[in-house]
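Novice: A predicted structure for the sequence below; I have some questions about it.
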Amino acid sequence: MKHGKLTPYLFLLPTVIGLIIFRLGPTAVAFYASFTRWNIRTPPQSVGMSNYAELVASPTFWLVFRNTIVFTLIFVPGVMVISLLMAVMVNQRLRGIAFFRGLYFMPYITAMVAVAMVWRWIFATRFGILNYVLSDFFNIANPPAWLADKTWVLPALAIVAIWKQAGFQMLIFLAGLQGIPANLYEASAIDGATRRHQFFQITLPLLSPITFFVLVITIIEAFKTFEVTYTMTGGGPNNASTTLAYFIYQNAFSFGRMGYASALAVILMLVVGFTTYLSFRLKDRMVEYAL
Amino acid sequence: MNQKRTQALFSYAVLLLFAFLTAFPFFWMVATTFKSRGAIFSLPPTLYPDLLFTDQMWDAYREVWFRHNFVRYTANSFFVAGVAALGQLIAASLAGFAFARMKFRGSTAIFGILLATTMIPTEVTIIPEFLLMARLGWLDTYLPLIVPSLMVASFGTFMLREFFAGVPDELVNAAVLDGASTLRIYKDIFLPISIPALTTLFLIAFINNWNELLRPVLYISTPSLRTVTIGLTTFQNEYGAQWNLLLAGAVIAVLPLIIIYIAAQRYIVEGIATTGLK
């Protein structure tokens, strides 16, 4: 297609301006701000590395860091296993399968603040239906206080987050499954392979590039987790469920510490960036031979 | 044959189990809104809502909708999400068209940056963004909810680039021979044939903007400007344990999206599945 030399740039104008003003610019400012002391009213004051020194020495920061890791360690395997299982299940030719597929994806499109509300009600200690089922049907004498218990709050948040997120990963897995040639299954069935055999010998290896992609986006999703904390617990009890992204929000907008929050934001970005980098380095080893 | 039936039965059992786990919170949400206070706090919990098909059945909704102004919040959300999604279509289709059909210096680099920066968490950019909005005097307006999401539409650009690249050359060549300008080709050829893709993108963008929580929380302070998500958040802080009211608000917040989703499920699911990006 012939076009003027400037034409493509005119078409890109809104996107490029947006990219500079809302992505690249703010990222650069966040880096700069992480070396300053800054509340909204007074201009930023350069303080060198002191924000970073403070967070390294802060027990709260390490608690928050630990919380983020614990959440990730529950959320990521949970999402991976459940979404893959759901994808395999809805990839069958059965009557009504479109209904199940549609239903499994539904939590993903709903507002977290709305579904968080019903989950808080389900998890309620005394009148919540979950603890009623646990104590009356499973005879558990003292079911946990879930959102008010510092051991159980992160698993509870992870359950909600998995419930809401898994449908999305399911769709990506499903697209991957549909790309596996059907004749591989037919041929192996003639050779007498069972369905379990087929799953481990054909499906999993051929799906590995997709699995890898899903793994990376799920880990990043876990590190960035904010809404479930904000809507379910506000970080409580006693910071037991404060995750890194929520901690940034708190410092910036509740405590007015923009500089310190920016340093935390830089840490979050480094963690996400490093994970992405590492996973693409590992990818060459993990995925290629399987194909 | 018999083994096949056992397998199908087993599959349905697993499918139903997942369906139950997915659907139960929605069921419980709706069921609670049709219960009286006594029934909500009864042990054992009642599955059948006591106010169902009585005169008081819609009381919770009436109270939330009118007295707590969810009618206004819902209208606000429709407006904000609609304008933002429409804007996203314009920006994304322009950029997607340039990436798909034109050769120019920096094309790969700009596209790469656009995709790579989706990795940057909102929590990183939100602080400078907030200060920028304050400087511009945009606090407590809808501009901060609309403009950022409208201008950087990575997902939409990516999706439309794929779609536009698949448009057959013959369609374009004929127009070029007729001496049509680039803008004309974009407007009169590419946009009309992309209506399914544009619909998909509009719906996904609408859903994302409707559900947006952080920006409304930060930027909106006047009660009458609240969107549904922030309306629900403040409502929750004020009416902590009135579960029938809270959950009626929650139903109002999710219902429009569920209706849209059911009506246009094919578009939404395919759009997300083919690009695998948010």
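Specialist: The structure has been received and is ready for your questions.

Novice: what about residue A:221, helix or strand, and which?
Specialist: Assessed by DSSP states H and E, residue A:221 sits inside helix A:204-223.

Novice: residues touching the closest residue to chain B within chain A, list them.
Specialist: In chain A, the residue found nearest to chain B is residue A:18; the distance is 2.6 Å by CB to the nearest CB. Every C-beta, even on glycine, is put in place using the N, C-alpha and C of the backbone. By CB atoms under 8 Å, 6 or more residues apart in numbering or on different chains, the contact set of residue A:18 is B:91, B:148, B:150-152.

Novice: nearest to residue B:256 among the residues you listed?
Specialist: residue B:150 (20.4 Å; CB to CB).

Novice: what about residue A:140, neighbour count?
Specialist: The tally of other residues near residue A:140 (other CB atoms under 10 Å in any protein chain shown) stands at 12.

Novice: need the three-state assignment for it.
Specialist: Here residue A:140 is recorded as coil under DSSP: H, G, I helix; E, B strand; the rest coil.

Novice: now the closest residue in space to it that isn't next to it in sequence: which helix or strand?
Specialist: In this structure, residue A:140 finds its nearest non-sequential neighbour in residue A:134, 4.6 Å apart by CB to CB, 6 or more residues apart in numbering or on different chains. Element membership of residue A:134, judged by DSSP H and E, is helix A:129-136.

Novice: quick one: buried residues of that helix?
Specialist: A:129-132, A:134 (16 or more other CB atoms under 10 Å in any protein chain shown).

Novice: give the residue spans of the stretch 51-200 of chain B that score low on pLDDT.
Specialist: By pLDDT under 70, the stretch 51-200 of chain B has no low-scoring segment.

Novice: please enumerate the helices of it.
Specialist: With DSSP state H, counting those that start in this stretch as the criterion, the stretch 51-200 of chain B has helices at B:59-62, B:70-101, B:107-116, B:122-136, B:143-151, B:154-165, B:169-177, B:182-184, B:191-193, B:195-211.

Novice: before we move on, back to that, in the helix holding residue A:221, which residues are buried?
Specialist: By neighbour count on 16+ other CB under 10 Å, the buried set for helix A:204-223 is A:206-223.

Novice: so what does it touch, helix or strand wise?
Specialist: Contact analysis of helix A:204-223 by 3 or more CB pairs under 8 Å, 6 or more residues apart in numbering or on different chains; DSSP states H and E lists helix A:59-90, helix A:153-178, helix A:258-286 as its packing neighbours.

Novice: which one of those helices lies closest to residue B:231?
Specialist: With CB to CB as the criterion, residue B:231 lies closest to helix A:153-178 of the helices and strands packed on helix A:204-223, at 20.1 Å.

Novice: close to chain B: what parts of the stretch 151-291 of chain A are there?
Specialist: Residues of the stretch 151-291 of chain A that fall close to chain B, judged by CB under 8 Å from any CB of the partner chain: A:163, A:167-168, A:171-172, A:174-175, A:195, A:213, A:220, A:223-224, A:226-227, A:230-231, A:245, A:248-249, A:252-253, A:258, A:261-262, A:265-266, A:268-269, A:272-273, A:276.

Novice: residue of the stretch 51-200 of chain B nearest chain A, please.
Specialist: residue B:151 (2.6 Å).

Novice: just the pLDDT at the closest residue to that residue other than its chain neighbours, thanks.
Specialist: Nearest in space to residue B:151, with sequence neighbours left out and distances taken as CB to CB, 6+ apart, is residue A:18 at 2.6 Å. Residue A:18 carries a pLDDT value of 92.

Novice: and residue A:4, by the same measure?
Specialist: pLDDT, residue A:4: 80.

Novice: which residues of chain A score low on pLDDT?
Specialist: Using pLDDT under 70, chain A drops low at A:284-291.

Novice: give me the number of residues near the residue of the stretch 51-200 of chain B closest to chain A?
Specialist: 24.

Novice: re earlier: quick check: angle from whatever helix or strand the residue nearest to residue B:151 lives in to helix B:107-116?
Specialist: Using DSSP H and E, residue A:18 falls within helix A:7-19. Counting by axes from the mean of the first three to the mean of the last three CA atoms, to 10 degrees, helix A:7-19 lies at 30 degrees to helix B:107-116.

Novice: excluding its backbone neighbours, what's nearest residue 252?
Specialist: Let's take chain A. residue A:261 (3.7 Å).

Novice: nope, chain B please
Specialist: residue B:70 (5.2 Å).

Novice: roughly how far apart are the one you found and residue B:205?
Specialist: To residue B:205, residue B:70 is 23 Å away according to CB to CB, to the nearest Å.

Novice: secondary structure element holding residue B:14?
Specialist: Per DSSP H and E: helix B:2-33 holds residue B:14.

Novice: how far does that helix sit from the chain's center?
Specialist: Relative to the mean C-alpha coordinate of its chain, helix B:2-33 is positioned 26 Å out (CA atoms, centre = their mean, to the nearest Å).

Novice: who are the packing partners of it?
Specialist: Counting by 3+ CB pairs under 8 Å, 6+ apart, helix B:2-33 packs on helix A:59-90, helix A:97-109, helix A:112-122, helix A:153-178, helix B:243-263.

Novice: what residues of the second one count as buried?
Specialist: The one in question is helix A:97-109. A:97, A:100-109.

Novice: could you dump those residues into a markdown table and include distance to residue A:190?
Specialist: Listed next are these as a markdown table, based on distance: CB to CB, whole Å:
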| residue | distance to residue A:190 |
| --- | --- |
| A:97 | 25 |
| A:100 | 29 |
| A:101 | 29 |
| A:102 | 34 |
| A:103 | 35 |
| A:104 | 32 |
| A:105 | 35 |
| A:106 | 39 |
| A:107 | 40 |
| A:108 | 39 |
| A:109 | 42 |
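
Novice: out of the residues you listed, who's near chain B?
Specialist: A:97, A:100-107, A:109.

Novice: need the residues you listed in TSV with distance to residue A:86, can you?
Specialist: Converted to TSV, those look like this (distance: CB to CB, whole Å):
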residue	distance to residue A:86
A:97	11
A:100	8
A:101	9
A:102	12
A:103	10
A:104	5
A:105	9
A:106	12
A:107	12
A:109	16
